[in-house]
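*Asks:* what's the 3D shape of this:
(one chain, ligands or ions: 1)
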Amino acid sequence: MKTEGGSETAKRNAGERAAEEVTDGSVVGLGTGSTAAYAIEAIGQAVHDGLDVQGIPTSFQSRQLALEVGIPLTSLDAVDGVDLAIDGADQVRDDPSPNADADSNATTDADANATADTASALIKGGGGAHAREKLVAAAADRFVVVADPSKLVPELDRSVPVEILPAAHTTVAERVRELGGEPTLRDAEHKDGPVVTDNGNLILDVAFGPIDSPAELAPTLAAIPGVVEHGLFIGLADATYVGTADGVEKRTY
Ligand code: 5RP
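*Replies:* Numbers count the residues shown, from 1 in each chain. Just a heads-up that it's a prediction; the model follows:
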């Protein structure tokens, strides 16, 4: 269920630009995936250059990378709050309204005032880390999404990753079918059987086709007994940094 496509330059530009938002003395949520990894590497470089920051990883993968690049780590229960979370996404509903700024990596921000009357909407969980990712994003004062242009869509239509208790895989599958979804238990690639998340759970990837109203589907999925967390992130993101070949375009919400 990993996201395909997107140039490494675009991902790097987005990740490095978001890392510039990390301020001295702050607590930062460290997202999961190949785009967030560029942000983590850039934060590691800034720590090496003297930045004082504490990171909260959202997965085994982001923890390993943060340790590798020298970011001091903490946990949600050891801090008063999270200043900023940076994370990738599998799909970002792109609002064609003019809340978009093009800025190169070298220019200062000219944040557009967020006047969007539609909440930000994302699908996450391609890497199966969406439960902790949502926890950290929701705890953060500010949540910035990093993406390449292949992630922007007018309407969310990828399968929605749903992390479930192992004992609930048949009952949740039945309930999402009743909602019009087609569930597939996510299989591991280098292990027989299903993917087991960092939390010891399983994942159903649920195909709904185009999702007309993600804000309605999100609480419906969350209310199914046995669902730990799903990958619809509604109204959590404050901005998306879309990397391009030579800079970054910013969407604010
Ligand atoms: C992991 C995620 C990732 O952020 C998402 O899959 C995007 O990854 P990438 O930047 O590698 O395309 O949600 O659960």
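
*Asks:* what's the distance between the closest residue to Glu182 other than its chain neighbours and the ligand?
*Replies:* Spatial nearest neighbour of Glu182, excluding adjacent residues (Cβ to Cβ, 6 or more residues apart in numbering): Ala207 at 4.5 Å. Backbone N, C-alpha and C define where each C-beta goes, glycine included. Distance from Ala207 to the ligand, counting by Cβ to the nearest ligand atom, to the nearest Å: 16 Å.

*Asks:* now swap in Ala138 and tell me
*Replies:* The gap separating Ala138 from the ligand is 14 Å, by Cβ to the nearest ligand atom.

*Asks:* coming back round to it: give the contact list for the residue nearest to Glu182.
*Replies:* 159, 181-184 (Cβ atoms under 8 Å, 6 or more residues apart in numbering).

*Asks:* Recalculate using a threshold of 7 Å.
*Replies:* Going by Cβ atoms under 7 Å, 6 or more residues apart in numbering, Ala207 touches 159, 181-182.

*Asks:* Among those, pick out the one closest to the ligand, please.
*Replies:* Using Cβ to the nearest ligand atom, Ser159 comes nearest to the ligand of the contacts of Ala207, at 12.0 Å.

*Asks:* per-residue pLDDT, that closest one?
*Replies:* Looking at Ser159, its pLDDT reads 98.

*Asks:* Nearest residue to it in space, ignoring adjacent ones along the chain?
*Replies:* Asp205 (4.0 Å).

*Asks:* now swap in Ala14 and tell me
*Replies:* Nearest one to Ala14, counting by Cβ to Cβ, 6+ apart, is Gly243 at 3.2 Å.

*Asks:* The one you found is in contact with Ala10, isn't it?
*Replies:* Yes - proximity of Gly243 to Ala10 meets the contact threshold set by Cβ atoms under 7 Å, at 3.7 Å.

*Asks:* So which of these two has more stuff around it?
*Replies:* In terms of neighbours (other Cβ atoms under 10 Å), Gly243 is the more surrounded of Gly243 and Ala10; the figures are 29 against 25.

*Asks:* Could you check how far the more buried one is from the ligand?
*Replies:* Applying Cβ to the nearest ligand atom, the value for Gly243 to the ligand is 10 Å.

*Asks:* residues in the protein within reach of the ligand, list them.
*Replies:* 3, 31-36, 87-90, 124-130, 133 (Cβ under 6 Å from any ligand atom).

*Asks:* rewinding a little: buried residues, the helix or strand containing the residue nearest to Ser159. List them.
*Replies:* According to DSSP states H and E, Asp205 maps onto strand 202-207. Within strand 202-207, the residues scored as buried using 16 or more other Cβ atoms under 10 Å are 202-206.
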